[in-house]
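Here is a sequence together with a model predicted from it:
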Amino acid sequence: MADATTFRLALMSHLQAELGVEFLPGIITGPSVDRDIGCCWTVGITPFEDNALVAVVQVHARVLQKTPGVLDTPALVEEAMAGLEELSEAMSAALLAIKYSLAGVWYFRVLNLEMDLEENGVEATLQAFRDNPAA
């Protein structure tokens, strides 16, 4: 199994356990009308800018919360935003706990955590570092 695959699968397993949300491979778009769900996919593998012996694996992890319905009042918008902010903090804590310990890579960093009110989800963009098999 490729190191990128090993990393992505380990990441999905950890986030599923920590967040209590089923994770599936690939891209799932929201909103989710029936349940909270997560997904994870690899965007690409490139040489590190300063050292071609190092590869950078870019992975995205997304969690969509069950959509509460039409956000047509300020109170509903506030409730949805508070839920996304809470999810963002939970994802951040879950990722920080495994930053240096997932199989397939040396370590990873979180480039950003983006909240999307329209999809009612949070997406993390990760960069993981490992040996470059192409070098």
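Right, received. Where do you want to start? Numbering: from 1, shown residues only.

ok, what's across the strand from A55?
Beta-bridge partners of A55, counted by DSSP bridges, are P47, R130.

who touches it in this structure?
In this structure, A55 makes contact with 45-48, 129-135, judged by CB atoms under 8 Å, 6 or more residues apart in numbering. C-beta here means a position set from N, CA and C on the backbone, and glycine is covered the same way.

filter these to the buried ones?
Taking 16 or more other CB atoms under 10 Å as the criterion, what is buried in the contacts of A55 is 45, 129-130, 132.

Tell me the one of the residues you listed nearest V59?
If you rank these by distance to V59 using CB to CB, I45 comes first, at 9.9 Å.

Contacts only, for the closest one.
Contacts of I45 by CB under 8 Å, 6+ apart are 4, 55-58.

ok, and the most crowded of those?
Looking at those with neighbours defined as other CB atoms under 10 Å, the largest count falls to V57 at 23 neighbours.

between the contacts of A55, which is nearest G69?
For G69, the nearest member of these is I45. The distance, counting by CB to CB, is 40.0 Å.

Surely that closest one is in a helix?
No. Judged by DSSP: H, G, I helix; E, B strand; the rest coil, I45 forms no part of a helix; its state is strand.

My reading is that M91 is in a helix; is that accurate?
Yes. According to three-state DSSP, M91 belongs to a helix.

Tell me the spacing between it and D50.
29 Å (CB to CB, to the nearest Å).

Setting aside sequence neighbours, what's the nearest residue to S92?
L113 (6.0 Å; CB to CB, 6 or more residues apart in numbering).

For that neighbour, name its beta-bridge partners.
According to DSSP bridges, the residues that bridge with L113 are A124.

What separation is there between it and A52?
Counting by CB to CB, the separation of L113 from A52 is 29 Å.

where do the helices sit along the protein?
3-19, 74-96 (DSSP state H).

Can you say which of those is packed in most?
Most buried of those by mean neighbour count (mean count of other CB atoms under 10 Å) is helix 3-19; its value is a mean of 18.
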